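Participant: just a sequence and a predicted model for now, questions to come.
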Amino acid sequence: MNEAGPSLTLKALPGNRTFLGATVGDDGVNFAVASTVAESVAVCLFDVDGTETRYDLDDYDAGTWHGFVPGIKPGQAYGYRVTGPFEPKRGLRCNPNKLLLDPYARAVTGGVRYDQALLGHDADDPAKPGQADSAPFVPRSLVIDHANYDWEGDFQLHRRSVDSVIYEVHVKGFTARHPDIPPELRGTYAGLGHQAVTSYLRDLGVTAVELLPVHEYVPEGFLLDKGLTNYWGYNTIGFFAPHQHYSAAARAALENRAGQANCVGGQVNEFKDMVKSLHRAGIEVILDVVYNHTAEGNQNGPTLSFRGLDNGMYYRLVSGDASQYYDTTGTGNSVNAGNPYTLRLIMDSLRYWMSEMHVDGFRFDLAATLGREGDNKFDQLSSFFEMVAQDPVISQAKLIAEPWDVGQADSYDLGQFPAEWREWNGRYRDTMRDFWRSKDVGVADFATRFGGSSDLYGLARRRPTASVNLITVHDGFTLRDLVSYDDKHNEANGEENRDGTSDNRSWNCGAEGLTDDAEINALRGRQVRAMLSTLLLSLGLPLLLGGDELGRTQDGNNNAYCQDNDISWVDWEHADGELHGYVKRLLALRAAHPVFRRKRFLAGPDAAELGWYSCAGTAMTDEQWADPTMHAVAVYLDGADAPDDADDGTPLLDDDFLIFVNAYWEPVTFTIPPVRSSPQTWFVELDSYDASVSPAREFPRHTGDTVVARPRSLQVLRAPRPE
C-alpha cells in the first residue's frame, strides 16, 4: 500500500441515507455509513499515488452519515475516518487516525500489513487512542457499478431440496492444480467457472457447490509471521465483497499488466460470470458465510472497519466491562446480531448476494451465535431468524446452519433451528464413522441416521431434508485420511500438533499413513466405498467433501485452515479413477430412483415403505435393536407404497430395494426376507466391497435365497417394479 499523500478536506453535497455504501449516480457517488456514536464522519478518496482527499459527511439522519461527491466514478478507492469518543470501558472506540473499510463495500483492493498503527488504542496504554495513521497499512474500499452487467437471462435454479447433492469446495484449492484450466485462471472464480470444472461437476452428479468463504477476508498476523495464511477464509472483513485474491481480473490489476487497468474491481463481474457458468451446467451456488464474527479479533486486535465505526453496534460487549467482547466463536469477538443496524447489515448482505450476484443459498458458519441476543442464550425466535423467515427474497434461499458455536452451555443446537432451515448433522457424521469402524454402537442409531434422523426433526414436523448428512468436510480429515490415520498430523501448522481435534473417530486399518501393504490399501478402499455408499443412499441431503471422490489426502492434517499449498489443493494428477467412477454410479443411482430421495419421513420398522430385517430375514426384534454388538442389518425400501408426488402430481413409483449392511470384520449371510405377499426377483445393483460389480440380470435372487455380504460392505439389490 502506498504511503498516504497530503490530505485535503472538502465538504460533500447533501446525500441520501436510504442505501448504505457507495451508490453510483448520474454524476457522482452517494456515500452512506451507519454510526450512532460518531461526532463526525469523513469519506476519504485515494488517488493511485496514495494522495488522500477527505469529504466531510455533514448530513446525519437516523444513525446514518451520508453525502454526495460529484465527479466520482466506478473504480474509485475510498475509506472512512470517524471522529468520536474513545472510551473502551464504555465500548466506545472511535479514532480518526484509523482508515476504515466501508462495511457495505462491494469490492476491496489491497491488503493488510500488520503494524502497531492498526491498533485503535495506544499499545502502551489501552485506555488512550493510538496516534499513528493506519492508512498506509490497510486495504481500500472500491466504488462498484452493477448497471451494465449482462446476466443473459440467468436466474436462481431453485432445485427441489430433496433432489440436492451438495459438494463442498474451495475456489482456489479445487482449481489450483487442474491441468485443463489455463494457468492464469487456476485458483480463481474464472477457473471454477471454466468448462473443465462445470463439466466435471455435472458429470459427477452433484447439484450444488457449497463454496468455502468468498467474502473478503484477511489472514491473522500470527499466521503471516509463520509464513502461513488463512486459507479457509473464516476471517471476514467485507460482507458484500468477493475475495479479491480469487479473481484473475483482480490479480491482473494488482500486477498492473498492460491493458488491464479496467480490471480494478473486476472480481465482482468475474464472480458473476462463475455463477452464470455453474447455473448453465445446472449447478446451484451456495456460499459458506461467516456473519458470527469479523477479522478484528478481540480488544487487542486491529481496527479495520466495524470497531472504529461503532464498536457497540457491531459487537456483543461484556456487561460491566464493555472493553471486553463476548466470544462464542473462538475468534475473540461475536457479532451483535440483535442490534437493528447490524441485523440490517446481515440482511442487506444476504439479499445482495441473491439479487445482484444470483447465488442460490447460504451455509451459516457457527450459526448458533446468530441466535444469541441479550441473555446470551440460543433462541430460534431471535431477531435474526424472524427477519430471515419474513424476508421475501432471503426466505427463498437454501438456508443451512452449522448448528453449534463454542464456549456456551447450549453451544450444540442440532435439531433446534427453525423449520425452514437445514442443518449440518454432526450426529450422522459421528454415528457413521463409528459404525463402519465396527465400534459397538449397534444398528439402531445407524437406522435412525440412515432414515433421515427423525428423532431430531420428526417431532418438530420438519422433513428429512432438514438433515444435511456428512461424514467429512473441510474441517477435519479427508475421507482417505479418515481410513489412513489414527492420529492427526498437523506439524506443518506450526503449533506442535496441538491444534485440531483429537476426536476423529478414525481408523488407519493397520498402518499409520501411506503404506505399500496391498491388503491394508484394499481394506481402506472398501471402507471409503462403504461410507460413501451410506452417505449417498441415506434419506436427507448428502454433503460430499470435494476431492473425496478422487481419494484426496492432506497427509493426516485435520486442521489445514492455514495450508494454502499442495496439502490442501486437489491433486488431479494422482486422482483415484476407480473411486471416482464408483461415486458417479452411486449418484446416478440416487438420481434415477426417488425411493432414495423421499421428502417425508417413512413411518418406521412396522411400515410397508421401510423395513428393517435381521440377517435371518426376519423383522428386527426389540432385543436386536438394543444390542450394541450387532453390526449388520438389512434395509428394505418399497418403491410403490405411498410414493411422493412429482411436481405435476404424478406418483413417483419406483423399484424395490434391499440394502445389506455388514460392518462386521467377517462375511455375513443374509436371507432375502418375504417383503411382499408374492415372491420377488432381485438383482445385485452394486457392492461396496468390489467396485467392479455392476448391475446384471444373469444372477437373479429370490425370496428366501441367501446372499453373502462380505466384510465391512454395503450391498444393494433391486427388484424391478412390474410393468
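Facilitator: On my side now, so go ahead.
Participant: how about the helices in the stretch 551-700 of the chain?
Facilitator: All helices of the stretch 551-700 of the chain, identified by DSSP state H, counting those that start in this stretch, fall at 577-592, 622-625.
Participant: for Arg54, give the beta-bridge partners.
Facilitator: Thr9, Cys44 (DSSP bridges).
Participant: roughly how far apart are it and Leu550?
Facilitator: With distances taken as Cβ to Cβ, to the nearest Å, Arg54 is found 53 Å from Leu550. C-betas here are computed from N, CA, C, even on glycine.
Participant: equivalent analysis for Ser382, please.
Facilitator: 40 Å.
Participant: cool, and Tyr234?
Facilitator: Applying Cβ to Cβ to Tyr234 and Leu550 gives a distance of 24 Å.
Participant: kindly report the same for Leu142.
Facilitator: 37 Å.
Participant: which one's more surrounded, those two?
Facilitator: Leu142 (25 against 20; other Cβ atoms under 10 Å).
Participant: check what pLDDT the residue lying closest to the more buried one once chain neighbours are set aside gets.
Facilitator: Spatial nearest neighbour of Leu142, chain neighbours left out: Ala107 (4.1 Å); criterion: Cβ to Cβ, 6 or more residues apart in numbering. On the pLDDT scale, Ala107 is placed at 97.
Participant: can you give me the neighbour number for Ala107?
Facilitator: Ala107 has 29 neighbouring residues, counting by other Cβ under 10 Å.
Participant: tell me the contacts of it?
Facilitator: Counting by Cβ atoms under 8 Å, 6 or more residues apart in numbering, Ala107 touches 141-142, 144, 216, 241-242, 244, 265, 267-268.
Participant: what does it show for phi and psi?
Facilitator: As for Ala107, its main-chain torsions (degrees, to the nearest 10) stand at phi -160, psi 160.
Participant: what about it, distance to Ser383?
Facilitator: In terms of Cβ to Cβ, Ala107 sits 29 Å off from Ser383.
Participant: my read is that Asp440 contacts Thr629, right?
Facilitator: Yes. In this structure, Asp440 is within contact of Thr629 by Cβ atoms under 8 Å, at 5.3 Å.
Participant: quick one: common contacting residues for the two?
Facilitator: With Cβ under 8 Å, 6+ apart as the test, Asp440 and Thr629 reach no residue in common.
Participant: so where does the most centrally placed residue in the chain fall, helix or strand?
Facilitator: Nearest residue to the geometric centre of the chain (Cα atoms, centre = their mean): Asp288, 3.3 Å. For Asp288, the host element (DSSP states H and E) is strand 284-289.
Participant: from the contact counts, what lies against that strand?
Facilitator: Applying 3 or more Cβ pairs under 8 Å, 6 or more residues apart in numbering; DSSP states H and E, one finds that strand 284-289 makes contact with strand 208-211, helix 267-280, helix 340-355, strand 361-364, strand 398-401.
Participant: buried residues, the last one. List them.
Facilitator: Of the residues in strand 398-401, those with enough neighbours to count as buried (16 or more other Cβ atoms under 10 Å) are 398-401.
Participant: what does the longest one give?
Facilitator: For helix 340-355, the buried set under the neighbour-count rule, 16+ other Cβ under 10 Å, comprises 341-343, 345-350, 352-354.
Participant: how far does it sit from the chain's center?
Facilitator: Relative to the centre of its chain, helix 340-355 is centred 18 Å away, using Cα atoms, centre = their mean, to the nearest Å.
Participant: one more: stretch 514-523?
Facilitator: 33 Å.
Participant: what's the span of that stretch, first residue to last?
Facilitator: 13 Å (Cα to Cα, to the nearest Å).
Participant: contacts for that stretch next, please.
Facilitator: 483-484, 509-511, 712.
Participant: list the buried residues for it?
Facilitator: The neighbour-count check on stretch 514-523 (16+ other Cβ under 10 Å) flags 520-521, 523 as buried.
Participant: just stretch 581-601 next, same as before
Facilitator: 582-583, 585-587, 589-590, 593-599, 601.
Participant: from the residues you listed, which is closest to Ser161?
Facilitator: Ser161 has its nearest neighbour among these in Lys599, at 7.6 Å by Cβ to Cβ.
Participant: check the secondary structure at the closest residue to that closest one other than its chain neighbours for me.
Facilitator: Excluding the flanking residues, the one nearest Lys599 by Cβ to Cβ, 6+ apart is Val162, at 4.2 Å. Under DSSP: H, G, I helix; E, B strand; the rest coil, Val162 falls in the helix class.
Participant: pLDDT wise, what is Asn2 at?
Facilitator: pLDDT for Asn2: 43.
Participant: over to the one 4 residues further on?
Facilitator: Looking at Pro6, its pLDDT stands at 51.
Participant: do Gly265 as well
Facilitator: What the model reports for Gly265 is a pLDDT of 82.
Participant: and Val441, by the same measure?
Facilitator: 94.
Participant: touching, it and Asp434? I think so.
Facilitator: Yes. Using Cβ under 8 Å, Val441 is in contact with Asp434, at 4.9 Å.
Participant: give me the mean pLDDT for stretch 615-628.
Facilitator: 96.
Participant: buried ones in that stretch?
Facilitator: Those would be 615, 617, 620, 624-625, for stretch 615-628 by 16+ other Cβ under 10 Å.
Participant: between these, which is nearest Asn469?
Facilitator: Looking across the buried residues of stretch 615-628 and measuring by Cβ to Cβ, the closest to Asn469 is Trp625, at 21.2 Å.
Participant: ok, the closest one touching Asp445?
Facilitator: No. Because the distance of 9.9 Å does not satisfy Cβ under 8 Å, Trp625 is recorded as not touching Asp445.
Participant: where's the closest residue in space to Tyr231 that isn't next to it in sequence relative to Ala492, distance?
Facilitator: Distance criterion Cβ to Cβ, 6+ apart; nearest residue to Tyr231, sequence neighbours excluded, is Asp564 at 4.1 Å. Asp564 is 11 Å from Ala492, where distance means Cβ to Cβ.
Participant: comparing those two, which residue is more hemmed in?
Facilitator: With neighbours defined as other Cβ under 10 Å, Asp564 and Ala492 compare such that Asp564 has more, 21 against 18.
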